[in-house]
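In: build me a structure from this.
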Amino acid sequence: MAPLSVISLSGNAFEQGLTYGRIEQEKILKAIHFYSGMFEGMAGISWEKAKSISSSFLPAIQDYYPEALDEMRGISQGANLCFEDILTLNCRSEVLFAQPDGCSCIGLLPEQSTDGHVYLGQTWDWLRKSGEHISIVKIQQDHGLDILMVVEAGVIGGKGLNSNGIGVGLNCTSVSKGQIGVPLHIMFRTILNATTISNGLDCIAKAKRAGAGTFNLGSSEGFLMSVEYTPDNFDVLMAENSPLCHTNHYQSPLFKDQDTFKVELTDTFVRLNRMRRLCQAHTEKYDRTFLMSVLSDHANYPDSICSHEDPADPPFKQLCTVYSMMMDLTERTLWITPNNPCEGHEIKISLY
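Out: Sure thing, here's the model as predicted:
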């Protein structure tokens with residue numbers, strides 16, 4: 001992974017974007033190059049065609065969260081790129097619906113942790129090259145909460161937490177269909193603007209959702225939930241008696257018969273089983289070190305929780321853990337491990 005640094009943004013949405021684009025121009029260009037190659041290689045979609053597809057989502061974004069478009073315009077101006085380039089990065093999951101990546105999420109309620117804090121973390125499993133365009137962004141908003149998030153450069157919403165102790169992560173899940181609606185990275189950003197976890201749920205429940213997925217939400221007030229959704233419906237799975245664990249298949253009976261990743265990404269079942277059993281075997285309360293040991297686990301290598309490239313797979317299927325992250329929602333702090341967590345290199349970043 002490229003060296004990680006934290007960029008700080010402030011002002012209105014356009015001003016935030018302008019600073020973002022100026023600072024991260026090189027990484028944004030790398031992100032465009034990465035997805036241009038992916039779209040072409042996986043589906044024969046040129047970058048110009050991808051921009052045309054992304055433009056169809058503009059009305060839905062405008063209706064749902066117009067500030068997103070202001071921020072994207074600022075990013076494009078700051079990076080000296082066209083607006084459609086930045087829009088396409090923010091719609092990259094919708095240009096190619098239902099492309100599997102394998103992430104493993106785990107979380108702790110306060111009664112389960114040694115320090116009484118709420119934790120939410122995950123691996124991000126994607127193609128190794130994507131590590132070259134990761135950005136860590138702190139935002140001090142004129143009107144709203146402060147945000148700390150990890151994103152692909154040029155994208156305005158991603159995994160992270162806010163000053164009210166709301167955190168969010170993602171597992172890709174799929175029913176192999178989509179519609180013109182709100183892209184998931186725009187929902188990401190609105191969840192990070194939420195003052196409570198129920199407000200964060202509103203951002204998913206009330207959106208005209210473009211695709212499918214699972215957002216994992218947490219609150220420093222002591223709540224964790226996996227929100228599994230499709231364009232047509234959603235379900236909420238609340239953590240109660242055991243740590244929150246989720247991978248890349250639907251657990252709600254509403255969607256099990258529609259799930260498509262269970263065929264394309266069969267290791268999702270193994271990873272979920274392994275996480276649950278590691279938690280069950282641990283008879284004491286849990287701490288962050290234990291959580292990171294789970295995310296570093298190599299059972300079923302290379303398709304393990306800590307995922308490594310399998311040279312036997314086709315090039316666009318050689319997934320690996322690009323980074324792992326763990327958030328302490330109580331302290332408003334996150335730890336990120338560039339590359340595989342088994343390497344043990346953690347970087348601590350606090351919102352304040």
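
In: tell me where this structure has helices.
Out: 13-23, 25-43, 47-55, 58-64, 67-79, 83-90, 92-95, 184-192, 197-205, 261-264, 267-281, 288-295 (DSSP state H).

In: hmm, who's touching stretch 62-70?
Out: Contact with stretch 62-70 is made by 12-14, 17, 58, 61, 90, 156-157, 182, 186, 189-190, 207-208, as judged by C-beta atoms under 8 Å, 6 or more residues apart in numbering. Bear in mind the C-beta positions are built from the backbone N, C-alpha and C, glycine included.

In: I should have written stretch 7-24 there, sorry.
Out: Contact partners of stretch 7-24, identified using C-beta under 8 Å, 6+ apart, comprise 28, 67-68, 70-81, 86, 135-142, 153-154, 156.

In: ok, 6 Å please
Out: 67, 70-71, 74-75, 77-79, 135, 137-140, 142, 153 (C-beta atoms under 6 Å, 6 or more residues apart in numbering).

In: scan the residues you listed and report the most crowded one.
Out: I75 (31 neighbours; other C-beta atoms under 10 Å).

In: low-confidence ranges in this structure?
Out: Along the chain, segments meeting pLDDT under 70 span 97-100.

In: tell me, how many residues neighbour the closest residue to I197 other than its chain neighbours?
Out: Leaving aside its chain neighbours, I197 sits nearest to S219 (4.0 Å; criterion: C-beta to C-beta, 6 or more residues apart in numbering). The number of residues packed around S219, counting by other C-beta under 10 Å, is 22.

In: what's near enough to touch S219?
Out: S219 is in contact with 165-166, 197, counting by C-beta under 6 Å, 6+ apart.

In: quick one on the thing from earlier: now list the buried members of the contacts of stretch 62-70.
Out: 13-14, 17, 61, 90, 156-157, 182, 186, 189-190, 207 (16 or more other C-beta atoms under 10 Å).

In: for the residue lying farthest from the centre of the chain, give its distance to F290.
Out: Each residue of the chain has a distance to the centre, and by C-alpha atoms, centre = their mean the biggest one is for T283: 30.2 Å. Counting by C-beta to C-beta, to the nearest Å, the gap from T283 to F290 is 12 Å.

In: and M326, what is it in contact with?
Out: Here M326 is in contact with 121, 288, 291, 335 (criterion: C-beta under 6 Å, 6+ apart).

In: go again with 7 Å.
Out: If you count contacts by C-beta atoms under 7 Å, 6 or more residues apart in numbering, M326 has them with 119, 121, 288, 291-292, 334-335.

In: what's the burial count for E284?
Out: Neighbourhood size, E284 [other C-beta under 10 Å]: 7.

In: grab the nearest non-local neighbour of it.
Out: Ranked by C-beta to C-beta, 6+ apart and with sequence neighbours excluded, the top spatial neighbour of E284 is T114, at 7.8 Å.

In: circling back: which phi and psi values does the residue farthest from the centre of the chain adopt?
Out: Backbone torsions of T283, given as degrees, to the nearest 10, read phi -90, psi -10.

In: same question, S163
Out: Taking degrees, to the nearest 10, you get phi -70, psi -10 for the backbone angles of S163.

In: count the residues that sit near it.
Out: S163: 16 neighbours (other C-beta under 10 Å).
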